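Enquirer: Okay, here's the prediction I keep looking at, along with the sequence it came from:
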Amino acid sequence: MNTARFLKSAGVGAGDEVIMSAYGDTEAAQSVVTVGAQPVFVDIDPSSYCIDPEAIAAALTSRTAGVVVASAFGCPPDLARIGELARAHGLLVVGAGEAEAGPDEVTQRRSHAAFLTGRLTGVRTPEPHEGHTYQRYVVRVPGNGRPDRDAFARALRGRGVACEVPVRAPVHRQPAFRSSLRLPETERAVDETLALPVQGSLRRRELQRMVSSCNALGGLLPTCLAGR
């Protein structure tokens with residue numbers, strides 16, 4: 001979806017506000033600015049990483065024209081509650097979609113995710129959500145936030161596990177949108193999360209190596225890895 005085009009066609013423009021998550025949605029925020037409206041950043045649900053419906057409700061003003069909703073790493077947002085808010089306040093709901101995978105790939109990812117969730121102890125595994133396609137398998141690293149997460153990631157890569165930090169900075173801390181707004185769950189997620197590979201092509205021995213590496217390293221945090 002071309003978010004800017006959709007917003008413009010719906011009549012969203014100067015003087016309007018559009019509510020959105022600050023967790024990794026830079027392109028959507030830029031689209032709001034492009035049509036002359038103001039992005040209003042709110043916090044996420046820490047279990048799904050999607051926009052928090054109650055944060056939407058708290059941010060509503062007379063200028064609110066719409067809300068941007070999107071799945072996060074394959075986990076769907078609470079569309080039922082967001083839909084209630086949209087109907088009650090006459091809001092435009094804009095979907096910022098993720099790339100879709102075929103059913104076989106999704107089935108394999110879910111199988112891999114179940115394997116990891118059942119065996120990982122060195123990290124905090126994703127909470128189960130209906131409809132999750134595990135586009136990315138995002139865990140939280142225990143310890144002292146970003147320093148320990150980054151050290152953990154370096155150590156995992158050293159053991160041959162291709163992990164990634166999914167969101168490097170929240171949108172409201174990036175130069176184009178910088179503000180003093182405090183979004184604790186978003187900022188905590190940015191500091192703690194790490195995406196482990198879960199693509200369907202992975203073999204069981206690769207998953208097992210990932211489990212062994214994470215579990216061994218998790219026992220070292222925070223005392224040893226924090227100083228690396």
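Expert: Happy to help now that I have it.
Enquirer: Tell me which residues of the longest helix belonging to the chain come out buried.
Expert: For the chain, the helix with the greatest residue count under DSSP state H is helix 103-119. By neighbour count on 16 or more other C-beta atoms under 10 Å, the buried set for helix 103-119 is 105-106, 108-110, 112-113, 115-116. (Glycine included, C-beta is placed from N, CA and C.)
Enquirer: after that helix, next one along is what?
Expert: Sequence-wise, the next helix or strand downstream of helix 103-119 (DSSP states H and E) is strand 137-140.
Enquirer: what's the neighbour count on the residue lying closest to residue 213 once chain neighbours are set aside?
Expert: In this structure, residue 213 finds its nearest non-sequential neighbour in residue 159, 4.4 Å apart by C-beta to C-beta, 6 or more residues apart in numbering. Applying other C-beta atoms under 10 Å, we find 14 residues neighbouring residue 159.
Enquirer: what about residue 159, distance to residue 128?
Expert: 27 Å (C-beta to C-beta, to the nearest Å).
Enquirer: Residue 100 too?
Expert: Taken as C-beta to C-beta, the span from residue 100 to residue 128 is 21 Å.
Enquirer: Domains in the chain, by residue range?
Expert: 3-95, 103-227 (automatic domain parsing).
Enquirer: Return the member of those having the minimum mean pLDDT.
Expert: Lowest mean pLDDT within the domains of the chain: domain 103-227, a mean of 91.
Enquirer: returning to that earlier point: wait, the residue nearest to residue 213 touches residue 215, no?
Expert: No: with contact defined as C-beta atoms under 8 Å, residue 159 does not count as touching residue 215 (11.5 Å).
Enquirer: what residues are shared contacts of those two?
Expert: Here residue 159 and residue 215 have no joint contacts, going by C-beta atoms under 8 Å, 6 or more residues apart in numbering.
Enquirer: what ranges do the helices span in this structure?
Expert: Here the chain has its helices, by DSSP H, at 3-9, 26-34, 53-59, 79-89, 103-119, 146-158, 184-192, 204-218.
Enquirer: by contact count, what packs against the fifth one?
Expert: Under the contact criterion of 3 or more C-beta pairs under 8 Å, 6 or more residues apart in numbering; DSSP states H and E, the helices and strands touching helix 103-119 comprise strand 137-140, helix 204-218.
Enquirer: quick one: which of these is nearest residue 56?
Expert: When those are compared for distance to residue 56 using C-beta to C-beta, the nearest one is strand 137-140, at 22.0 Å.
Enquirer: for residue 198, what are its contacts?
Expert: 109, 112-113, 116, 134, 136-137 are the contacts of residue 198 under C-beta under 8 Å, 6+ apart.
Enquirer: can you rerun that using 6 Å?
Expert: Shown in contact with residue 198 (C-beta atoms under 6 Å, 6 or more residues apart in numbering): 109, 112-113, 134, 137.
Enquirer: most neighbours per residue, which of the domains of the chain?
Expert: Comparing these by mean neighbour count (mean count of other C-beta atoms under 10 Å), domain 3-95 comes out on top with a mean of 19.
Enquirer: Just send the helices of the chain back as CSV, with distance to residue 19 too.
Expert: Shown next, in CSV, are those (distance: least, C-beta to C-beta, whole Å):
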stretch, distance to residue 19
helix 3-9, 13
helix 26-34, 10
helix 53-59, 5
helix 79-89, 10
helix 103-119, 29
helix 146-158, 27
helix 184-192, 13
helix 204-218, 36
